[in-house]
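Visitor: next come a sequence and a model predicted from it.
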Amino acid sequence: MTVFYHLPPQERPELLRFCGYTASLTDADIVVFGAPYDSSSSFRPGSRFAPAEMRRDSWGLESWSPQLKRDLEDHNVHDAGDLELPFASSEEALRIVRQTCAAVAHAGKIPLMIGGEHTLTLSAIAALLDLHPDLHLLHFDAHTDLRTDYLGVELSHASVIRRIYELLGEKRIHSLGIRSGLAEEFTFAEKNLDFHPFDLSGMEEAVLNIGSAPVYVSLDLDVLDPSVMPGTGTAEPGGVSYEDLVAAIYKLENLNIVGSDMMELAPSLDPSGASTAVAVKLLREMILVL
């Protein structure tokens, strides 16, 4: 697995690893890795800096979750560092992410990717589909991401869910919180996806529809309202609250989750640091649910 940090987490300076993610790669149940790539961002770039900023910010957050009554330090989570991704080639970046997710999954562990732009989710799905032919995707987002292409480019964060649909087929993508897209994207979603737009009220139905099937959970942080998450490349007003999103994350507990990601935080677009703090806390809760 290609990583930027070659020292094990226990030997790295604290600010270069996530707080509480102390397990070795061998002992880990969950492997967290950064994917610092944003070359197809269609509006405001900057999500390549999210993994590093989230690591630093994690040291301002307790590893203990009072809501879940669990502590990260009691669980086997490994921080594998950041992948080295070439900014000039989407194809090569996607290949490296797919190789990484496949290696983690074949070792019997859950890959959890911190992006980076949403395009990279395509590679994680492709890797896990090799192991889980009946894989589903649970997708939190503000945008449909269902364009056939964006400005002639098929590998884009504006078309990533369309590419994933081509792999998974009908009714195996469960999208929540969507509130932006072209008319034809909404028509396609209503026909071909398990589609719950505008809010997270369809969460329980989506969980029922997934049932016991293996599922990959992809969280594009712009599902949150910009008043909560201004630090993202394509902010979309009318989003969900932190409380609604974390409540939806708690409903993941009984799903058969085989991989996950958290994408599209762009820390430099929110100099207050509030967006990064929100992302880090959501990541803690997600890992403790996994």
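Guide: Thanks, I have the structure now.
Visitor: other SSEs contacting the helix or strand harbouring S275?
Guide: Here S275, judged by DSSP states H and E, is contained in helix 274-289. If contacts are counted by 3 or more Cβ pairs under 8 Å, 6 or more residues apart in numbering; DSSP states H and E, helix 274-289 sits against helix 50-58, strand 64-65, strand 110-115, strand 214-220, helix 242-250, strand 256-263. All C-beta spots, glycine's among them, are computed from the backbone N, C-alpha and C.
Visitor: reformat the ones you listed as CSV; add mean neighbour count, mean pLDDT and distance to E285.
Guide: Converted to CSV, the helices and strands packed on helix 274-289 look like this (neighbours: other Cβ atoms under 10 Å; pLDDT from 0 to 100; distance: least, Cβ to Cβ, whole Å):
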stretch, mean neighbour count, mean pLDDT, distance to E285
helix 50-58, 22, 95, 13
strand 64-65, 16, 96, 6
strand 110-115, 25, 96, 13
strand 214-220, 26, 98, 11
helix 242-250, 18, 98, 5
strand 256-263, 23, 98, 11
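Visitor: mind listing the helices for this structure?
Guide: 50-58, 90-106, 121-131, 160-168, 183-192, 203-210, 242-250, 274-289 (DSSP state H).
Visitor: hang on, Y21 packs against A80?
Guide: No - counting by Cβ atoms under 8 Å, Y21 stays clear of A80, with 9.3 Å between them.
Visitor: okay, now the unreliable bits of the stretch 1-150 of the chain?
Guide: Residues of the stretch 1-150 of the chain meeting the criterion pLDDT under 70: 1-15, 42-43, 150.
Visitor: apply 50 and report the result again.
Guide: 1-6 (pLDDT under 50).
Visitor: returning to that earlier point: off-centre distance for the helix holding S275?
Guide: How far helix 274-289 lies from its chain's middle: 11 Å, per Cα atoms, centre = their mean, to the nearest Å.
Visitor: in it, what's buried?
Guide: For helix 274-289, burial by neighbour count (16 or more other Cβ atoms under 10 Å) applies to 275-289.
Visitor: what's the distance between G108 and V246?
Guide: Relative to V246, G108 is positioned 28 Å away (Cβ to Cβ, to the nearest Å).
Visitor: whoops, G34 was the one
Guide: 22 Å.
Visitor: same deal with P226?
Guide: For P226 relative to V246 (Cβ to Cβ), the value is 18 Å.
Visitor: identify the contacts common to Y21 and A80.
Guide: V32 (Cβ atoms under 8 Å, 6 or more residues apart in numbering).
Visitor: and stretch 96-108, C-alpha only, in CSV?
Guide: Coordinates of each C-alpha in stretch 96-108 appear next as CSV, following Å, rounded to 0.1, in the frame of the first residue of the first chain:
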residue,chain,number,x,y,z
ILE,A,96,-3.8,3.9,-6.6
VAL,A,97,-6.9,4.3,-4.6
ARG,A,98,-8.4,1.1,-6.0
GLN,A,99,-5.2,-0.8,-5.3
THR,A,100,-5.1,0.5,-1.7
CYS,A,101,-8.8,-0.3,-0.9
ALA,A,102,-8.3,-3.8,-2.4
ALA,A,103,-5.3,-4.5,-0.3
VAL,A,104,-7.0,-3.4,2.9
ALA,A,105,-10.2,-5.3,2.1
HIS,A,106,-8.3,-8.5,1.1
ALA,A,107,-6.5,-8.3,4.5
GLY,A,108,-10.0,-8.5,6.2
